[in-house]
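> build me a structure from this.
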Amino acid sequence: DDEVRSPDFSCFGHQWTVVIYPGGEEDSKEGYVAVYLYNVSAKSIKAYYKIILKHPTDQSQRSYKVGSFDELSRTFGGDQGND
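Purely as a prediction, here's the structure:
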């Protein structure tokens with residue numbers, strides 16, 4: 001249940017933060033992580049994004065998820081999109 005939170009950052013005139021739960025959500029499979037992208041600005045925005053996680057020792061192993069900010073968070077693991 002530990003979380004890793006990025007510092008707020010600015011993009012397209014909005015403030016954002018990324019929160020990662022290394023152990024995933026309660027119902028996540030073993031080895032999954034949960035990744036949440038939050039618009040912390042008061043004004044809403046529609047944004048498209050791609051989040052990529054790379055294996056720490058084998059950079060050719062990657063997991064990724066593409067979506068829109070209409071979906072407030074994204075959760076993914078190794079079998080949901082590999083390059």
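
> roughly how far does the most centrally placed residue in the chain sit from residue 61?
The centre of the chain sits closest to residue 35, judged by CA atoms, centre = their mean, with a distance of 3.2 Å. Distance, residue 35 to residue 61, by CB to CB, to the nearest Å: 17 Å. (Each C-beta comes from the backbone N, C-alpha and C, glycine too.)

> same check, this time on residue 49
According to CB to CB, residue 49 and residue 61 sit 21 Å apart.

> next one: residue 34
In terms of CB to CB, residue 34 sits 19 Å off from residue 61.

> got it, and residue 48?
For residue 48, the distance to residue 61 (CB to CB) stands at 24 Å.

> more crowded one of the two?
Set side by side, residue 48 and residue 61 show more neighbours around residue 61, with 13 against 9, by other CB atoms under 10 Å.

> listing partners with orientation, what would you give for the helix or strand residue 35 falls within?
Element membership for residue 35, per DSSP states H and E: strand 33-39. Counting by DSSP bridges, the strands paired with strand 33-39 are strand 14-21 (antiparallel), strand 74-76 (antiparallel).

> pretty sure residue 36 is touching residue 25, no?
No - with contact defined as CB atoms under 8 Å, residue 36 does not reach residue 25; the gap is 10.0 Å.

> ranges for the strands of this structure?
Per DSSP state E, the chain carries strands over the ranges 4-5, 9-11, 14-21, 33-39, 48-54, 62-68, 74-76.

> so can I have JSON lines of these showing mean pLDDT?
Listed next are these as JSON lines, based on pLDDT from 0 to 100:
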{"stretch": "strand 4-5", "mean pLDDT": "93"}
{"stretch": "strand 9-11", "mean pLDDT": "92"}
{"stretch": "strand 14-21", "mean pLDDT": "88"}
{"stretch": "strand 33-39", "mean pLDDT": "83"}
{"stretch": "strand 48-54", "mean pLDDT": "80"}
{"stretch": "strand 62-68", "mean pLDDT": "71"}
{"stretch": "strand 74-76", "mean pLDDT": "39"}
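
> got the CA coordinates for stretch 2-13 in CSV?
This file holds the C-alpha atoms of stretch 2-13, laid out as CSV (Å, rounded to 0.1, in the frame of the first residue of the first chain):
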residue,chain,number,x,y,z
ASP,A,2,3.0,2.3,-0.2
GLU,A,3,2.8,5.0,-2.8
VAL,A,4,5.5,6.9,-4.7
ARG,A,5,4.3,10.4,-5.6
SER,A,6,6.0,12.6,-8.2
PRO,A,7,6.6,16.3,-7.5
ASP,A,8,3.9,18.4,-9.2
PHE,A,9,4.9,19.3,-12.7
SER,A,10,3.5,21.7,-15.4
CYS,A,11,2.4,20.7,-18.9
PHE,A,12,0.0,22.6,-21.2
GLY,A,13,-0.6,25.2,-18.5
